[in-house]
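> What follows is a predicted protein model with its sequence.
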Amino acid sequence: MIAVKVTYTVKPSFAAQNLENIANFLQDFRKMGADFQYTVYTSENTFTHLSHYKNEEIQAAVLDTPSFKAFQQYRDDSGLIMPPLVEVLTPVGSAKEVL
């Protein structure tokens, strides 16, 4: 399993648009099957994305989704306050099976 956390901060003027862009790619992700989990959290204008992938092939397919690529482009072009910080996490345990 691959677990990744991405955190970034957008300008207040872009936060609502970022939420719409997230909703767009999540809608596409829901159609892709159960070999990954993707959750997004927000606190003010800071967003945290947590993803769990069964393997690298699934991760590559998810990250290659056109709506996700568009989200990343819009986010990066928005003039971020804090650029994305990507952390690859090592799973230790869970109360429920993640994948």
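On my side now, so go ahead. Residues are numbered from 1 along each chain as shown.

> which residues touch the helix ranked longest in the chain?
Counting by DSSP state H, the longest helix found in the chain is helix 15-30. Contacts to helix 15-30, defined as C-beta atoms under 8 Å, 6 or more residues apart in numbering, come from residues 10, 36, 38, 40, 42, 45, 47, 62, 65-68, 70-71, 74-75, 78. Using the backbone N, CA and C atoms, a C-beta is placed for each residue, glycine as well.

> in it, what's buried?
Residues 15, 18, 21-22, 24-25, 29 are the ones in helix 15-30 that count as buried (16 or more other C-beta atoms under 10 Å).

> And stretch 38-51, by the same measure?
38, 40, 45, 47, 49-51.

> ok, back up a step: now the longest helix of the chain, how far from the chain's geometric center?
10 Å (C-alpha atoms, centre = their mean, to the nearest Å).

> which residue is nearest the middle of this structure?
Most central in the chain under C-alpha atoms, centre = their mean is His49, positioned 4.0 Å from the mean C-alpha point.

> Would you agree that residue is in contact with Gln37?
No. In this structure, His49 is not within contact of Gln37 by C-beta atoms under 8 Å, at 11.2 Å.

> mean confidence score for stretch 32-52?
On average, the pLDDT along stretch 32-52 is 95.

> before we move on, back to that, among the contacts of helix 15-30, which lie within helices?
Counting by DSSP H, the contacts of helix 15-30 place 62, 66-68, 70-71, 74-75 in helices.

> Let me see the contact set for the spatially closest residue to Met82 that is not a sequence neighbour.
With sequence-adjacent residues excluded and distances taken as C-beta to C-beta, 6 or more residues apart in numbering, Met82 is closest to Thr9, at 3.9 Å. Taking C-beta under 8 Å, 6+ apart, we find Thr9 in contact with 45-47, 80-82.

> Just the pLDDT for Thr9.
What the model reports as pLDDT for Thr9 is 98.

> just to revisit the earlier point, just the buried members of the contacts of helix 15-30?
10, 36, 38, 40, 45, 47, 62, 67-68, 71, 74-75, 78.
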